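> Coordinates only, no sequence provided:
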């Protein structure tokens, strides 16, 4: 299968949406020779911080001389970003070949495979073929029925934090969501978690059932932060750093050679696009962040309090997917930033919130707020290019990783 045909095929099957359950993936892994059993793994779930924590871990492990795999979602610009091998994204040629093989091997079951199941299977096949020693694998949604949960017992199950999200799939309470996510903990694993409050007891209970030791981690102290200084910006990264450091400590206890210098070097070299990322537009600061739920937005606005430009007038380029709590995110932004105008595009996703509905939500928070809607993110930036933006203003693009990715394309 050529890259062009693979892209067209994936676009087509993305219309199938989600179909929770592990039976299809289990069958697919059997048909492909159980690639998921040919590498060790660190499995991550949680509401926010999974991507940043995964990136920190992979960078340090690679600096330690370990042949790594990295599987994350969603991507910002290109699907190949989701599958990393030894620090490099998979090539479209290789990914397309695996997509073609999986489609052929699946046979009659192919018509039922989802987009995420197909891409996950391709990632695991690539990791096995490339002789990955240790893969850092991020859950797509939840844990119990996520396609990645066909992995055998991970060395470490990392659960970052828990807040309300995807309640139509995971339940409407912190306890039920934590229960779903805690299913990545298996017999033989160790659990490292930043979850607290009502979310912690279900995770602790899952660890007891599996006979897995649990480490409850708080955010890194200022002293620890200053010592390691990870390249990822934003005060919210302190919680992710603490999880990464505890995970690395557990790996050392299990016999993995991770030198102290590799930890420092890996954290200084780590890259993770779309989180507190800055660009320039007409000489003005543009901050892009994929905060896509209330918890992530609170972390973003808290981190912005320490930014030199955050008290200046803000042009907010914002929209989110239609299953998100936009009202709570909008309220947090209005409360903490000097927002003078909101620019609301339709995102290039079938799940995009309608710009007019998002506009009404912001106007309920502040009736006199200046708002504009656009047919696309590209149109938004074309419109901004025609505006006379005062030198004191800055621009925040947030609400979704779609917003960040499309903004990067428009700017470049």
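Everything's here; your move. In this text, all values refer to a predicted model and were calculated from it rather than measured experimentally.
> What is the burial count for residue 8?
11 (other C-beta atoms under 10 Å). C-beta: built from backbone N, CA, C; applies to glycine.
> ok, residues contacting the helix or strand harbouring it?
For residue 8, the element it lies in under DSSP states H and E is helix 3-13. Applying C-beta atoms under 8 Å, 6 or more residues apart in numbering, the contact partners of helix 3-13 are 1, 79, 92-93, 95-96, 99-100, 103, 113-115, 118-119.
> Could you turn the buried ones of these into a PyMOL selection?
Burial among the contacts of helix 3-13 is assessed by 16 or more other C-beta atoms under 10 Å; the matching PyMOL selection reads:
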select buried, resi 1+79+92+95+96+99+100+103+113+114+115+118+119
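> all strands of this protein, in order?
40-45, 68-71, 83-85, 88-89, 134-138, 156-159, 190-193, 213-216, 277-281, 284-289, 314-318, 339-345, 370-374, 394-398 (DSSP state E).
> Show me the one of those that comes nearest residue 405.
Nearest to residue 405, of all the strands of the chain, is strand 284-289, at 9.1 Å by C-beta to C-beta.
> Quick check: buried residues in that closest one?
So, applying 16+ other C-beta under 10 Å, buried residues of strand 284-289: 284, 285, 286, 287, 288, 289.
> List just the nearest of those to residue 312.
Distances from residue 312 to those, taken by C-beta to C-beta, are shortest for residue 285, at 8.9 Å.
> do you know how far the closest one is from residue 316?
Applying C-beta to C-beta, to the nearest Å, the value for residue 285 to residue 316 is 13 Å.
> Could you do residue 49 as well?
Residue 49 is 23 Å from residue 316, by C-beta to C-beta.
> ok so, going back, and the contacts of helix 3-13, which two are the farthest apart?
93 and 114 (23.4 Å).
> beta partners for residue 216?
For residue 216, the beta-bridge partners under DSSP bridges are residue 193.
> Just name the shakiest helix or strand of this protein by mean pLDDT.
helix 167-170 (a mean of 74; mean pLDDT, DSSP states H and E).
> Next, count neighbours for residue 192.
27.
> which ones are touching residue 240?
49, 52, 53, 56, 160, 232.
> Contacts only, for residue 348.
Residue 348 neighbours (C-beta under 8 Å, 6+ apart): 376, 377, 402, 406.
> Put together TSV for those, with neighbour count and pLDDT on each row.
Output for the contacts of residue 348, formatted as TSV (neighbours: other C-beta atoms under 10 Å; pLDDT from 0 to 100):
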residue	neighbour count	pLDDT
376	16	97
377	25	97
402	22	95
406	25	96
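> Farthest-apart pair in the residues you listed, please.
376 and 402 (11.0 Å).
> that older thread, now, among the buried residues of strand 284-289, which is nearest to residue 86?
Nearest member of the buried residues of strand 284-289 to residue 86, counting by C-beta to C-beta, is residue 288, at 27.2 Å.
> What score does that closest one have for pLDDT?
Looking at residue 288, its pLDDT reads 96.
> right, and it touches residue 399 too?
No - the criterion here is C-beta atoms under 8 Å, and residue 288 misses it with residue 399 at 10.6 Å.
> Which among the strands of the chain is found nearest to residue 165?
That would be strand 40-45 among those, by C-beta to C-beta, at 11.3 Å.
> Next, the angle from the closest one to strand 134-138.
Counting by axes from the mean of the first three to the mean of the last three C-alpha atoms, to 10 degrees, strand 40-45 lies at 20 degrees to strand 134-138.
> Give me the contact list for strand 40-45.
Against strand 40-45 from outside (C-beta under 8 Å, 6+ apart): 50, 53-54, 57, 133-139, 142-143, 146, 148-149, 151-152, 154-160, 181, 184, 247.
> Among these, the buried ones, what's the PyMOL command?
Entered in PyMOL, the line below selects the buried ones among the contacts of strand 40-45, by 16+ other C-beta under 10 Å:
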select buried, resi 50+53+54+57+134+135+136+137+138+139+142+143+146+148+149+151+154+155+156+157+158+159+160+181+184+247
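> picking that back up, could I get the buried residue list for the helix holding residue 8?
3, 6, 7, 9, 10, 13.
> Report the separation between the fifth one and residue 225.
In this case it means residue 10. In terms of C-beta to C-beta, residue 10 sits 40 Å off from residue 225.
> possible to save the contacts of helix 3-13 as a markdown table with distance to residue 39 and pLDDT?
Compiled in a markdown table, those are given as follows (distance: C-beta to C-beta, whole Å; pLDDT from 0 to 100):
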| residue | distance to residue 39 | pLDDT |
| --- | --- | --- |
| 1 | 24 | 91 |
| 79 | 21 | 97 |
| 92 | 22 | 98 |
| 93 | 22 | 98 |
| 95 | 17 | 98 |
| 96 | 22 | 98 |
| 99 | 20 | 98 |
| 100 | 22 | 97 |
| 103 | 23 | 96 |
| 113 | 22 | 97 |
| 114 | 23 | 97 |
| 115 | 23 | 97 |
| 118 | 19 | 98 |
| 119 | 17 | 98 |
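> Buried residues, stretch 21-34. List them.
So stretch 21-34, judged by 16+ other C-beta under 10 Å, has buried residues 22, 24, 25, 27, 28, 29, 32.
> For that stretch, which outside residues touch it?
Applying C-beta under 8 Å, 6+ apart, the set of residues contacting stretch 21-34 is 35-36, 101-102, 105-106, 109, 112-114, 117, 120-121, 124-125, 128, 145, 147, 149-150.
> Now do the helices in the stretch 51-200 of the chain.
92-106, 115-129, 167-170, 174-181, 200-210 (DSSP state H, counting those that start in this stretch).
> lowest-confidence stretch among those helices?
helix 167-170 (a mean of 74).
> mind listing what's buried in that helix?
Buried, per 16+ other C-beta under 10 Å, within helix 167-170: residue 170.
> going forward can the numbers begin at 18, since that is how I track them
In the new count, where the first residue is 18, that last one comes out as helix 184-187.
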